[in-house]
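In: Below: sequence and its predicted model.
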Amino acid sequence: MTEITNSNNKVRDINYLSKDFNSYRENLIEYIKKYFPDQWQDFSDASGGMMLLEMVAYMGDSLSYLMDKQVNECFIDRAFEPRNIFNLSQNLGYKPSFLTPSTTNISVSATFEDSVSSAMIYKIRKGATFSNLGNSTVTFQSTEDIDFSSERNRTTDQIGGGLTTYSISGVPVISGETRTFSFEAPTIPKPFLKINLPDSSITEILSVSSNDGYEWYQVNNLSQEIIFYGDENTTSTSAEANSILKYKKIPRRFVTEKSSNGLTSIVFGSGVSETEDYNIIPNPEDYVLPASLRGSVSGFSPSYIDSSNFLRTNTLGISPSNVNITVEYRVGGGFNHNVGSNTIKRVLNRNIAFNDPTAQTTYPQQITTSLDSIAVNNTEPASGGRERESLRSIKENSISYFNSQGRAVTLQDYQVRVLSMPNNFGKVFRAFARKDNVNLSGVELILMGINSNGNLSTLNNVIKNNVESYIKHFKSFSDSVKLTDGKIINIGVDFTIVPVNTV
């Protein structure tokens, strides 16, 4: 209760604790009986005054609900609106996942004539598409070149008649379909240009390029101006390391945003000038003393500072202008993409590159026969495909992701990090972290996947290798991580329903 004074200097008691219709109604009746006993005495349900009183109570109930709802929607653990949950999770650094593709390894073989095999050798470029033999056709794409001239993971089999079959094993493939989208950037640069991609459930942005010859790079946030990449290792240590790690500065970058309707957006930087920042932002040293007394250290002595130049710097990346942008991305995934072993056998599309450009004209018949002999198979089942992440899962993972601050320190951090691995590397369905019994400073991660039937399954080696590589970027240098398959226990219940006639 709170006492207030009106214009007639009368003290009134008002209850501010009412939150629902019945409370408002009872407090209003009590208020009228206390302060207007002579003016209003009929509190029956049939009276017109009670109609007005209940309408006021209804409005108070509605306003209380709306105010509480708006406040709750500001906190991710109490929000209910999918749009707000998605926005709040991305503010915390977590990106919700839509459909997740499945991954596996395949083996690809082709037959060559011994007499001309060295001259007609070729490679199948990455992006070749394959499919399974099941009722629901699932498309898989290779993520690296299949080079029959390389001895890496290659076996040969003499089949007689002057023919040899070359087989390349361990070729990683991922389910989904590659699509492209093009748009014209505005003539005048627009800071933080946002482009909505037309397809839903995009699992990965493969490339973003402009027709002026530049490549745009995806980063975690626009303030990240340096990325790591690998150059091919051409030294004698190439067997131990295929690439040499380097880094470079990338003014052309973008981030992705996901919305609750399943769409993905690309957001570019705010810089509207390709001029180096030090050419448009004055050096503070130029204003310590007048140039006539000491000269200009940087050689630039402006008479004034244009504050708008600070909005044109490349600190958060460049915004594209007056160019055509092409986005290549992959869509598709889900439980039905977890196909079984020995089912991926169809070759749908392939891009052949010959080591000898004249091979097709020199040996047309032999090459045609070799291309027709290309066969594919997966000895391991494809796993990692999952349906869209639930809102409850987004809430819990977002809070844990933010608390970990990009590091894996506690056991819970390791567990959340594995579940947050990007979709294009496969998806872990269940994960549990505990201390390694052998190495006391180590962590043991128990992992589980899920197959196309929705049943628990072990993860294939591709996803395990991806988990190992991914977790290395977040773990403490002194921690060792051991990956273990979870034990699957199938429990079933047999029951019978017997209807009873009660008539």
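Out: Nice, I can see it. The shown structure was predicted, so the numbers you read here are calculated from the model rather than taken from an experiment.

In: give the contact list for R350.
Out: Going by Cβ atoms under 8 Å, 6 or more residues apart in numbering, R350 touches I124, R125, A128, T129, I374. From N, CA and C alone the C-beta is placed, and that goes for glycine too.

In: for G213, same thing?
Out: Going by Cβ under 8 Å, 6+ apart, G213 touches no other residue.

In: Likewise for I266?
Out: K194, I195, L197, I205, V208, F254, V255, T256, E257, V327.

In: Next, check the residues you listed against the helices and list the overlap.
Out: In helices, defined here by DSSP state H, there are no members of the contacts of I266.

In: Show the buried residues in those residues.
Out: I195, L197, I205, V208, F254, V255, T256, V327 (16 or more other Cβ atoms under 10 Å).

In: Looking at the chain, which strand is longest?
Out: What stands out as the longest strand in the chain, according to DSSP state E, is strand 163-175.

In: what's the helix or strand for N466?
Out: Using DSSP states H and E, the element containing N466 is helix 461-471.

In: I misspoke; the intended subject was T368.
Out: Using DSSP H and E, T368 falls in helix 364-372.

In: Can you spell out which helices and strands pack onto that helix?
Out: Secondary-structure packing of helix 364-372 (3 or more Cβ pairs under 8 Å, 6 or more residues apart in numbering; DSSP states H and E): strand 103-113.

In: partners of I325 in the sheet?
Out: Beta bridges link I325 to F183, S210, judged by DSSP bridges.

In: surely it meets A185?
Out: Yes - under the criterion of Cβ atoms under 8 Å, I325 makes contact with A185 at 5.8 Å.

In: list residues touching both of these two?
Out: With Cβ under 8 Å, 6+ apart, I325 and A185 have common neighbours S210.

In: hang on, the earlier thing: from the contacts of R350, which ones fall inside strands?
Out: If you go by DSSP E, the contacts of R350 have I124, T129 in strands.

In: so which of the contacts of R350 comes closest to I14?
Out: The shortest gap between I14 and any of these belongs to T129, at 71.3 Å (Cβ to Cβ).

In: re the thing from before, export the buried ones among the contacts of I266 to CSV and tack on distance to Y31 and pLDDT?
Out: Formatted as CSV, these follow (distance: Cβ to Cβ, whole Å; pLDDT from 0 to 100):
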residue, distance to Y31, pLDDT
I195, 57, 93
L197, 57, 94
I205, 61, 93
V208, 64, 95
F254, 59, 94
V255, 55, 92
T256, 55, 92
V327, 63, 96
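
In: What is the nearest of the residues you listed to I146?
Out: Using Cβ to Cβ, I205 comes nearest to I146 of those, at 23.7 Å.

In: Next up, the contacts around that closest one.
Out: The contact partners of I205, by Cβ under 8 Å, 6+ apart, come to Q218, T256, T264, I266, V327, E328, Y329.

In: change it to 7 Å
Out: Contact analysis of I205 by Cβ atoms under 7 Å, 6 or more residues apart in numbering lists Q218, T256, V327, Y329.

In: That one pairs with what?
Out: With DSSP bridges as the rule, I205 is bridged to Y329.

In: so how far does stretch 433-444 reach from one end to the other?
Out: 6 Å (Cα to Cα, to the nearest Å).

In: about what we covered before: as CSV, could you dump the C-alpha coordinates of the helix holding T368?
Out: Presented in CSV, the C-alpha positions along helix 364-372 are these (Å, rounded to 0.1, in the frame of the first residue of the first chain):
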residue,chain,number,x,y,z
PRO,A,364,40.0,-39.8,-77.1
GLN,A,365,38.9,-43.5,-77.0
GLN,A,366,41.0,-44.5,-74.0
ILE,A,367,39.9,-41.4,-72.0
THR,A,368,36.2,-42.1,-72.7
THR,A,369,36.6,-45.6,-71.5
SER,A,370,38.4,-44.5,-68.4
LEU,A,371,35.8,-41.8,-67.6
ASP,A,372,33.0,-44.4,-68.0
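
In: Other residues contacting that helix?
Out: Applying Cβ under 7 Å, 6+ apart, the contact partners of helix 364-372 are A110, T111, F112, E113, V116, M120, I352, A359, Q360.

In: Okay, and the last one sits in which element?
Out: Pointing back at Q360 there. With DSSP H and E as the criterion, Q360 is inside helix 359-362.

In: who touches that helix?
Out: A119, M120, F354, I367.

In: Out of the residues you listed, flag the one nearest to D13.
Out: For the contacts of helix 359-362, the nearest to D13 is F354 (92.6 Å; Cβ to Cβ).

In: Tell me the one among the buried ones among the contacts of I266 nearest to L316.
Out: Of all these, V255 has the smallest distance to L316: 9.9 Å, by Cβ to Cβ.

In: Is it correct that that closest one is in contact with G269?
Out: No - the pair V255 / G269 is not scored as a contact, 9.1 Å apart, by Cβ atoms under 7 Å.

In: Spell out which residues are contacts of both of the two.
Out: The contact sets of V255 and G269 overlap at L222 (Cβ under 7 Å, 6+ apart).
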